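Q: Got a predicted structure plus its sequence, pasted below:
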Amino acid sequence: MTVFMVRRLMQSVVVLLLMSVIVFLGVFAIGNPVDILISPDADQIERERAIRALGLDRPIWEQYFVFLVNAARGDLGRSFVFNEPALRLIFERMPATLELAGTAVVISLVVGIPLGLYAGLKPQAATSKGIMAGSIVGFSLPTFWQGLMFIMVFAVMLGWLPSTGRGQVGTFLGLKSSLFTRDGLAHVILPAVNLALGNTALIIRLTRAGVRETLLQDYIKFARAKGLSNRRVVGVHVFRNILIPLVTVIGLEIGGLIAFAVVTESIFAWPGMGKLIIDSINQLDRPVIVAYLMMIVLLFIAINLIVDILYSVIDPRVRLQDVKG
Amino acid sequence: MSSGFAGPTLEVRGLRTHFFTRGGVVKAVDGVSFEIGKGRILGLVGESGSGKTITGFSILGLVDPPGRIVEGEIRFKGENLVGLPDDRLRAIRGDRIAMIFQDPMMTLNPVLRVDTQMIEAVRAHHPVSTKEARARARDALGRVGIPSPDERLGAYPHQFSGGMRQRVAIAIALLNNPELIIADEPTTALDVTIQGQILYEVQKLCREGGTSLIWITHDLSVVAGLADHVCVMYAGKIAESGSVDDVLDRPMHPYTKGLLGSVPSRNKRGSPLAQIPGMTPSLLNLPDGCPFAERCPRADGDCRAALPPMVEHLPGRAARCIHPHLEGRA
């Protein structure tokens, strides 16, 4: 276990380093931030001064080296645009995104798993066929179109729910979140459902496939031969076995929801990290882009680690050690 | 345990279990009858696909769609199990009738500990505390010869060898002291030495506890050493039945004779192994006459015209054949 963790940490550092090189060079290749940041009427002296201030006059490898040294001290640079530490900008917007992604994950689990179980247990029923058809629609619809439709129907035509922004923020047990106020909840519903839809469809299909496969196993028949109730056979014997594929996918999906809620955040004007990254890319605000992507890499590394640990909890045959390949 | 019921523990009459598939009706079990008395051991012998396992599942009401029992009676201590509501069947399953499956690697749930899987089997039928159920589980493991059962209870199935897993499965079957155990080729996947041990233990447990046993197998040598009575199945029907000594020593049905002839033995060393020519017919579309006619050296036009009836040629010795081997018998 300890060996496993140490090795994992070392691998993570390598991944982070590689990622930073790719992002650094990538942003450099896209364009020169100076062209966007400095007003076109600025004279030559002003330009040079700005370039020097941002450290952009030095060769790329030197810029990267300075970045690395600072990063090792926890400083990922200052935003060119806001002239604030990039990390602070990201952390300011993180709660809103976590709130949105968390709500979306809860929705997709609470809706997806029961529907998937039902469709798996009664594959012939008309309801099951309806659920499966719905799930195909669910992940085929483009998120942006879906979001626009939600706004049109629920915000414009019916007027039930607000369509933009994050609601009032409440405090509960020292935590600040818009989920603690009525107004905040009303604001989060539409974007969260929009974000959750594709995942719900995926979870329905995964759960159903897992149930169908597990039901054919001898140990399920044996469990029934022991005279167990249907409830126990499905709730314990089947469910424990379908958790393994579910946990893998849910883990990666959570990462994806947090990192790439960009489209939903843009449509619903949700003040989260997704909007920040899009704006930063438009303005070639390199420190923010790099810091954001590094955070996302860390997030995925953490999620993968948690998933691996969960495996060993769910499936006793899994032992934490490094497996080649 | 039960009141003074004098009849056989289990009586199966005219059982038909068919599978309604897209390609047609598969008659997996097609008119099977047998009975088994208290504390007796019945060998149900046949090739793969002859309907042995489905017969076992039919008794427990565990036939999955598209299959179902279309006809027949399964009387367990006088009570017909066919058409019984599911919760009544569930109460009998695992309590009064238990089943052991063929592949020990597949019968235990890989993600649940052995104690979980045993305790739930007790508590599904008896309102006892977890502690009491655990004690019963430990005793059952001890009975089937698992060393240090207390520690092994906390283990997961993958920490046991195949033989040990089958013992666990047998211990689960024994947990509630059933009156009937259906064992579906439980030793096929095991080494010969382990097979011997398990056979010995099962036989002992039946004799001591008065439990009846249906031993489903394709291995005639196992039946020879274990069973009192034997039914040979072919294409969903019983071809021949009788006491184990009589059927194995003086088979009447050409199929049984062929089966016995196919067993390699030391006496026949050097000569090519005998085999039954041809293949088992498709259960989707069985011929009108005797299903074995195409492979039978004695078959003639009568055999192909209509299905031969099950005839009791001698007391307690029945065969479904118009030209049985009766040479040298009274």
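A: Yes, it's here.

Q: Is there a neighbour count for the closest residue to B:Asn285 other than its chain neighbours? I'd like the number.
A: In this structure, B:Asn285 finds its nearest non-sequential neighbour in B:Gly24, 6.9 Å apart by C-beta to C-beta, 6 or more residues apart in numbering or on different chains. Placement of C-beta: from N, CA and C, glycine included. Residues lying near B:Gly24 (other C-beta atoms under 10 Å in any protein chain shown) number 13.

Q: Please report how far B:Gly24 lies from chain A.
A: B:Gly24 sits 19 Å away from chain A, taking C-beta to the nearest C-beta, to the nearest Å as the criterion.

Q: and what of B:Glu179?
A: From B:Glu179 to chain A the distance is 14 Å (C-beta to the nearest C-beta).

Q: That residue against B:Ile92, yeah?
A: No. Shown here, B:Glu179 and B:Ile92 do not form a contact pair, counting by C-beta atoms under 8 Å, at 9.6 Å.

Q: Now do the same for the residue of chain B found nearest chain A: its pLDDT.
A: Going by C-beta to the nearest C-beta, chain A is nearest to B:Gly94 of chain B, at 3.2 Å. pLDDT for B:Gly94: 88.

Q: Repeat that for A:Ser39.
A: 69.

Q: Give the rounded mean pLDDT of stretch A:193-200.
A: What stretch A:193-200 shows for mean pLDDT is 89.

Q: In the stretch 1-150 of chain A, which residue sits closest to chain B?
A: For the stretch 1-150 of chain A, C-beta to the nearest C-beta, closest residue to chain B: A:Gln124, 8.4 Å.

Q: Show the backbone phi and psi for that residue.
A: Reported as degrees, to the nearest 10, the phi and psi values for A:Gln124 are phi -90, psi -20.

Q: Okay, and the residue nearest the centre of chain B sits in which element?
A: Residue closest to the average C-alpha location in chain B (C-alpha atoms, centre = their mean): B:Ile216, at 2.8 Å. Element membership of B:Ile216, judged by DSSP states H and E, is strand B:212-217.

Q: Compute the mean per-residue pLDDT across that strand, please.
A: 90.

Q: what sits up against it?
A: Contact with strand B:212-217 is made by B:9-10, B:36-45, B:52-53, B:55-56, B:59, B:179-185, B:187-188, B:202, B:206, B:222-223, B:226-227, as judged by C-beta atoms under 8 Å, 6 or more residues apart in numbering or on different chains.

Q: Run the chain-centre distance for that strand.
A: 4 Å (C-alpha atoms, centre = their mean, to the nearest Å).

Q: Give me the sheet partners of that strand and which way each runs.
A: Looking at strand B:212-217 with DSSP bridges, its partner strands are strand B:41-45 (parallel), strand B:180-184 (parallel).

Q: Pull the contacting residues for B:Val223.
A: B:43, B:45, B:215, B:217, B:230, B:244, B:248.

Q: of all those, which two lie farthest apart?
A: B:Trp215 and B:Leu248 (14.2 Å; C-beta to C-beta).

Q: With neighbour numbers in mind, choose between these two.
A: B:Trp215 (27 against 21).

Q: what sits against A:Leu56?
A: A:32-34, A:63.

Q: Give me the buried entries from the residues you listed.
A: A:33-34, A:63 (16 or more other C-beta atoms under 10 Å in any protein chain shown).

Q: In terms of helices and strands, where is B:Asp87?
A: Going by DSSP H and E, B:Asp87 is part of helix B:86-92.

Q: go on, B:Glu201?
A: helix B:192-209.

Q: Next, the closest residue to A:Ile38 other than its chain neighbours: phi, psi?
A: Leaving aside its sequence neighbours, A:Ile38 sits nearest to A:Ala50 (C-beta to C-beta, 6+ apart; 5.2 Å). Main-chain torsions, A:Ala50, degrees, to the nearest 10: phi -60, psi -40.

Q: Surely A:Ala50 touches A:Ile36?
A: No. Look at A:Ala50 against A:Ile36 with C-beta under 8 Å: they stay out of range, at 11.7 Å.

Q: Which of those two has more residues huddled nearby?
A: Taking other C-beta under 10 Å, A:Ala50 and A:Ile36 do not tie; A:Ala50 has more neighbours (17 against 13).
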